[in-house]
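Student: whatever this is, show me its structure:
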Amino acid sequence: MIELSVPGKLFIAGEYAVVEPGHPAIIVAVDQFITVTVEEARKNGSIQSAQYSDLPIRWTRRKGELVLDHRDNPFHYILAAIRLTEKYAQEKGIPLSFYDLKVTSELDNSNGRKYGLGSSGAVTVATVKALNLYYQMDMDRLTQFKIAALAHLAVQGNGSCGDIAASCYGGWIAFSTFDHDWVLAKQKDHTLTELIAFDWPGLSIRPLTVPKSLRLLIGWTGSPASTSDLVDQVYQSKEEKENAYATFLAASKDCVNRLIDGFLNEDSRTIKKMITENRKLLRELSALTGVPIETPALKKLCDLAENYCGAAKSSGAGGGDCGIVIVDQKTGILPLMSAWEKAEITPLPLHVYHYREDLS
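Tutor: I've put the predicted structure just below:
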């Protein structure tokens, strides 16, 4: 039996802009996991996930027609990951077999509510990594990322795939997405093996080291959000307000590049300053598009953190879920934790997760 766990993620900076190639974000892997087990079966296989057996299917209307939205349903990500990983195995001449695949998740609370830790990305990566071991394909990390990214895009259709990178690589990373149109065009005319061997334009995944003088705090607002929906809304607004959106993209790119330099130079002051600047840029994007990125609860989370000398902002698509805070190690955090709890914000006891091979 194969058993494998991959971490969830949190965006630190660069949200929304990161869906455009060449626009960086900083993302961190955290020590809450999705675990996949794969066990050989005989005449047929199965997929099981206790967390999602009663998951509702969301729907909307487009041009007056009812449309089902499967993008929050992890089974579609699992199936896409299986399809592409097995296609890669077949191209390598590896015979396919049946197996039972089981998923367990720590990325939701006990009531099944999402924390915003990238469960769809993590389950995609976990499936690819588990089948890589099951079929003994010895894929490197970049190959695993590319297969998982293709699977994720096949279901979600949008997003940066930064959550895929964080779950694949672990730790702190600076990430820029690839040219999705280029990859999808190449996919039509090339085998999967050939596509993975190409350099994907725009793709960059770089490990970062956080200064020892800083620590990361995470608060959860108790209100789950749909990343795919929020990205859709911003994308629709972008077409109507092209010039203002281009200004946001340029400002975000400059801010995150300065933040990356802060990490590389172990410059705590610049890191905190750019986190605050990125919060400001996201609030301006929210005003531009009408998309509720920083909800009242997230605003409270961030404002309280700033009262206690932290640099804070929403994490990911916003609209609920988590906020992140960068504070000095010497800063006492108990007063902030108490203030959050009084405001019905849940401190999450998460830590940055590194794969063991990175620590050797």
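Student: hey, let's count contacts and neighbours off CA atoms from now on
Tutor: OK.
Student: for L208, grab phi and psi.
Tutor: The phi and psi torsions at L208 (degrees, to the nearest 10) take the values phi -120, psi 150.
Student: how many neighbours does it have?
Tutor: Neighbour count of L208, defined by other C-alpha atoms under 10 Å: 17.
Student: so Y135 makes contact with Q90?
Tutor: No - taking contacts as C-alpha atoms under 8 Å, Y135 lies outside contact range of Q90: 10.3 Å.
Student: how is this structure divided into domains?
Tutor: 2-209, 214-348 (the TED database).
Student: which of those domains sits closest to E357?
Tutor: In terms of C-alpha to C-alpha, the element of those nearest to E357 is domain 2-209, at 10.5 Å.
Student: related to what we said a few turns ago, can you list the domains of the chain in TSV and add mean pLDDT?
Tutor: As requested, these are exported to TSV (pLDDT from 0 to 100):
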stretch	mean pLDDT
domain 2-209	88
domain 214-348	89
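Student: re the thing from before, tell me which of Y135 and Q90 has more neighbours.
Tutor: When neighbours are counted by other C-alpha under 10 Å, Y135 and Q90 differ, and Y135 comes out ahead with 15 against 12.
Student: and that one, what is it in contact with?
Tutor: Contacts for Y135 (C-alpha atoms under 8 Å, 6 or more residues apart in numbering) come out as A89, I94.
Student: which other helices and strands contact the longest strand seen in the chain?
Tutor: For the chain, the longest strand by residue count, based on DSSP state E, is strand 25-40. Under the contact criterion of 3 or more C-alpha pairs under 8 Å, 6 or more residues apart in numbering; DSSP states H and E, strand 25-40 touches strand 2-13, strand 99-105, helix 119-134, helix 162-169, strand 172-176, helix 242-264.
Student: what is the distance between that strand and the centre of its chain?
Tutor: In terms of C-alpha atoms, centre = their mean, to the nearest Å, the centre of strand 25-40 is set 11 Å apart from its chain centre.
Student: restrict that strand to CA atoms and write it as CSV.
Tutor: Taking Å, rounded to 0.1, in the frame of the first residue of the first chain, the C-alpha atoms of strand 25-40 are listed here in CSV:
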residue,chain,number,x,y,z
ALA,A,25,3.3,35.8,-5.8
ILE,A,26,4.7,34.5,-2.5
ILE,A,27,3.1,31.3,-1.2
VAL,A,28,3.8,29.1,1.8
ALA,A,29,3.1,25.4,2.5
VAL,A,30,1.5,24.8,5.9
ASP,A,31,1.4,21.7,8.1
GLN,A,32,-2.2,20.6,7.5
PHE,A,33,-2.3,17.8,5.0
ILE,A,34,-4.3,15.8,2.5
THR,A,35,-3.4,12.1,2.6
VAL,A,36,-3.9,9.7,-0.2
THR,A,37,-3.6,6.0,0.1
VAL,A,38,-3.4,3.7,-3.0
GLU,A,39,-3.8,-0.1,-2.6
GLU,A,40,-3.8,-2.6,-5.5
